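[1] Quick one, fold the following:
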Amino acid sequence: FMDFNDEVGGDLCCRFKRFDILFVVQTVFDKEQCIDILKKATEEVLGKQIYTQNLTGQWISNICEKCTKKLVALNKPFKYVVTCVIMQRNGAGLHTACSCFWDSANDGSCSYRLEDKSMYCIVTCFALAI
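    As a prediction, the model looks like this:
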């Protein structure tokens, strides 16, 4: 749309190509980075806690809030959904599953599981490219 000489035009073309590559890198879900965020937030909230039924609601809220804030702070073009389940460790089984219809090239999900002598905690993040 503008008329440039060959040298300047070639330089601008390279800049656009670099921008496109940078954009692609930023819109791909980084699973390892997300797992690290889930792990740190979960361990910050639960630490060495012993399962206490009256506190689980607050723990779940705190874990989800911390994860969401840290994920949003990455300034990547994603919408995030964070879920958390805490269950007392008493011999009962816990089974979870999810199914998603999305753009597998950019969207993604990951989970982090923490277990100790008194409880299981599973935190899951779904990241959907905007």
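[2] Give me the spatial nearest neighbour of the residue nearest the centre of the chain, chain neighbours excluded.
    Central residue of the chain (C-alpha atoms, centre = their mean): C34, 3.9 Å from the mean position. Among residues not flanking C34 along the chain, C110 sits closest, at 4.9 Å (C-beta to C-beta, 6 or more residues apart in numbering). C-beta coordinates here come from the backbone N, C-alpha and C atoms, glycine included.
[3] For T52, see how far away N75 is.
    From N75 across to T52, the span is 36 Å (C-beta to C-beta, to the nearest Å).
[4] which element follows the lowest-mean-pLDDT helix or strand in the chain toward the C-terminus?
    Ranking every helix and strand in the chain by mean pLDDT, DSSP states H and E puts helix 6-27 at the bottom, with a mean of 49. Moving toward the C-terminus from helix 6-27, the next helix or strand (DSSP states H and E) is helix 31-46.
[5] Can you tell me which helices and strands that next one packs against?
    The helices and strands touching helix 31-46, judged by 3 or more C-beta pairs under 8 Å, 6 or more residues apart in numbering; DSSP states H and E, are helix 53-72, strand 108-115, strand 119-129.
[6] I'd like the mean pLDDT over that helix, please.
    Helix 31-46 carries an average pLDDT of 97.
[7] Buried residues, it. List them.
    Across helix 31-46, burial judged by 16 or more other C-beta atoms under 10 Å covers C34, I37, L38, A41, T42, V45, L46.
[8] picking that back up, I'd like to know which of the helices and strands packed on helix 31-46 lies nearest to R89.
    Of all the helices and strands packed on helix 31-46, the one in closest proximity to R89, counting by C-beta to C-beta, is strand 119-129 (5.3 Å).
[9] elements contacting that closest one?
    Using 3+ C-beta pairs under 8 Å, 6+ apart, the elements in contact with strand 119-129 are helix 31-46, helix 53-72, strand 78-88, strand 108-115.
[10] Pull up the pairing partners for that strand, direction included.
    Paired neighbours of strand 119-129 in the sheet (DSSP bridges): strand 78-88 (antiparallel), strand 108-115 (antiparallel).
[11] Alright, that wraps it up for me.
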